[in-house]
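Enquirer: here's a sequence, model it:
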Amino acid sequence: MIGLGVMGRNFLLNMADHGFKVIGFDKDNQKTSALESAATAGTTVKGVGTLQDMVSQLAVPRKIMMLVPAGKPVDDVIESLLPLVQKGDIIIDGGNSHFTDTLRRVTYLQGKGIHFMGMGVSGGEQGARTGPSIMPGGDQEAYSHVRPMLEAVAAKVDGVPCVAHLGKGAAGHYVKMVHNGIEYAIMQLISEAYDLLHRGAGLSNDELYTVFDTWNKGDLRSFLIEITADIFLQPDDKTPNRLVDMILDKAGAKGTGKWTSQDAMDLGVPIPTIDMAVAMRNLSALKTERVQASALYPQQTSLIGTPKEQFIQQVHDALLFATIICYAQGLAQLHRAGIDLDMQIPMPQVVSVWRGGCIIRSVLLPTFANAFKANPGLSNLLLDAEVAKLLNANQAGTRAVAAMAIQHSIPAAALLSSLSYFDTYRSKQLPINLLQAQRDFFGAHTYQRIDQEGTFHTEWAKK
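Expert: Coordinates of the predicted model:
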């Protein structure tokens with residue numbers, strides 16, 4: 001392993017616990033020492049300070065994984081390795097690299113006889129240590145060499161490892177990118193639900209804990225709902241308050257959500273809930289401007305009048321509805337990318353890999369897996385009958401919450417985007433006939449007719 005930060009160190013220790021002899025390199029001697037001191041008794045774990053020392057101790061074909069920041073650091077590591085490795089060796093990038101960079105590296109290293117794989121890893125610090133969701137793609141021959149190790153260390157659901165070969169080329173990193181886009185959207189939706197319940201309905205942190213803890217026992221059960229409940233109970237060590245109330249409302253981002261939106265635009269796949277989640281993080285960063293605007297546009301602060309238990313149920317329904325929508329959007333993007341980018345992404349395996357270990361694991365995923373098993377070519381989850389039942393059952397609550405958010409000036413952009421996407425996707429007729437007329441009027445862009453085949457242009461009369 002090259003890079004012994006939190007993820008690299010824990011992933012390596014996980015492998016050692018499963019009987020593999022492992023060696024890690026980092027320029028920071030403290031990190032190599034920390035690796036060895038954290039090893040379980042009886043395991044073989046070694047930290048070294050030079051790449052040459054690491055490579056020389058590996059059996060061929062060498063299996064070398066890196067967990068370093070995306071971009072130039074990955075290229076720098078590859079160039080440092082090339083004089084030390086030989087044909088048939090395997091290099092794996094387990095970071096969040098952009099898939100186009102991965103494709104470039106695959107081609108570059110193929111010419112040198114080196115196997116290169118892009119591999120997504122999800123689960124954070126704890127997942128890396130005890131069982132992450134692993135998303136490899138690309139080189140099938142290389143995967144056959146590392147598959148036993150990856151299956152050993154991956155999370156297990158019903159005894160099945162949460163790892164699978166997910167397609168050609170840069171498919172592993174593409175799947176992880178979209179995974180992160182879905183993660184952005186779900187986190188934004190949960191934050192909006194929190195705002196509606198806390199600011200809109202006046203729930204205290206203790207009440208919010210009870211609500212989210214209850215939700216985590218039902219059809220919203222997921223990793224993100226689980227940790228959200230715990231967050232509400234965390235005390236602040238500097239004030240008498242809960243920590244969540246002392247955290248600045250200004251979010252950061254590392255780029256994978258933006259990449260998801262950008263590539264969806266290139267593919268022509270609409271993912272407005274994910275797009276809005278990215279936009280809301282960007283809006284949150286405008287803290288100074290938002291404070292200034294709040295003085296110019298004062299808001300009414302009356303509480304939502306719906307009985308509390310009724311409103312909690314409605315917010316539950318809205319969160320469930322919108323969460324399904326954002327999964328549907330991300331999976332539709334993967335389906336299209338598998339075809340248009342020739343990645344041949346196996347959709348049932350993608351959903352299966354996400355069932356355990358990863359940040360977006362959810363009780364909903366078996367339903368999605370069944371949909372893709374029944375129809376592997378399914379272009380959108382909204383076309384599945386069982387998913388349709390879930391959405392129809394939660395429509396009323398979603399619309400009630402959307403109306404309340406608008407009436408009380410509580411921003412719920414991701415929720416509203418989800419509802420608009422749903423209403424648009426299920427509409428047999430859209431007002432785009434007028435848009436097409438406008439385009440032909442000012443730019444002679446042509447249009448199609450509902451009663452004849454072909455392409456038409458009109459010399460529009462100006463009054």
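
Enquirer: element containing the residue nearest the centre of the chain?
Expert: In the chain, the residue lying closest to the centroid (C-alpha atoms, centre = their mean) is Asn180, at 2.0 Å. According to DSSP states H and E, Asn180 maps onto helix 171-195.

Enquirer: what is that helix packed up against?
Expert: Contacts defined by 3 or more C-beta pairs under 8 Å, 6 or more residues apart in numbering; DSSP states H and E place helix 171-195 against helix 99-110, strand 115-122, strand 133-136, helix 223-231, helix 256-267, helix 272-284, helix 308-340, helix 413-425. Just so you know, the C-beta spots here come from the backbone N, C-alpha and C atoms, and that holds for glycine as well.

Enquirer: show me what counts as buried in the first one.
Expert: The neighbour-count check on helix 99-110 (16 or more other C-beta atoms under 10 Å) flags Phe99, Asp101, Thr102, Leu103, Arg105, Val106, Leu109 as buried.

Enquirer: repeat for stretch 87-103
Expert: 89-99, 101-103.

Enquirer: downstream of the helix holding Asn180, the next helix or strand is which one?
Expert: Counting by DSSP H and E, what follows helix 171-195 is helix 205-215.

Enquirer: can you tell me what sits against that following helix?
Expert: 194, 197-198, 203, 221, 225, 228-230, 232-233, 242, 244-245, 312, 316, 319 (C-beta atoms under 8 Å, 6 or more residues apart in numbering).

Enquirer: residues contacting the nearest residue to Gln188 once chain neighbours are set aside?
Expert: Distances taken as C-beta to C-beta, 6 or more residues apart in numbering place Ala277 nearest to Gln188, at 3.9 Å, with adjacent residues excluded. Applying C-beta under 8 Å, 6+ apart to Ala277 gives the contacts Gly181, Tyr184, Ala185, Met187, Gln188, Leu189, Gly257, Cys326, Ala414.

Enquirer: Ala396: which of these is nearest?
Expert: Leu189 (17.9 Å; C-beta to C-beta).

Enquirer: hmm, which helix or strand of this protein has the shakiest average pLDDT?
Expert: With mean pLDDT, DSSP states H and E as the measure, the helix or strand of the chain carrying the lowest mean pLDDT is helix 124-130 (a mean of 90).

Enquirer: wait, doesn't Arg9 sit right on Ser33?
Expert: No - between Arg9 and Ser33 there is no contact under C-beta atoms under 8 Å: 11.0 Å.

Enquirer: comparing these two, which shows the higher neighbour count?
Expert: The residue with more neighbours, out of Arg9 and Ser33, is Arg9; 26 against 13, by other C-beta atoms under 10 Å.

Enquirer: what sits against the more buried one?
Expert: Neighbours of Arg9 in contact, by C-beta under 8 Å, 6+ apart: Met1, Gly24, Lys31, Ala34, Leu35, Ala38.

Enquirer: assumed it was part of a helix.
Expert: Yes - assessed with DSSP: H, G, I helix; E, B strand; the rest coil, Arg9 lies in a helix.

Enquirer: for Ser417, see how far away the residue nearest to Gln188 is.
Expert: Separation of Ala277 from Ser417 (C-beta to C-beta, to the nearest Å) stands at 9 Å.

Enquirer: repeat for Gln349
Expert: 28 Å.

Enquirer: Asp266 now?
Expert: Counting by C-beta to C-beta, the gap from Asp266 to Ser417 is 20 Å.

Enquirer: show me which of the two is the more surrounded one.
Expert: Higher neighbour count among Asp266 and Ser417: Ser417, with 26 against 11, using other C-beta under 10 Å.
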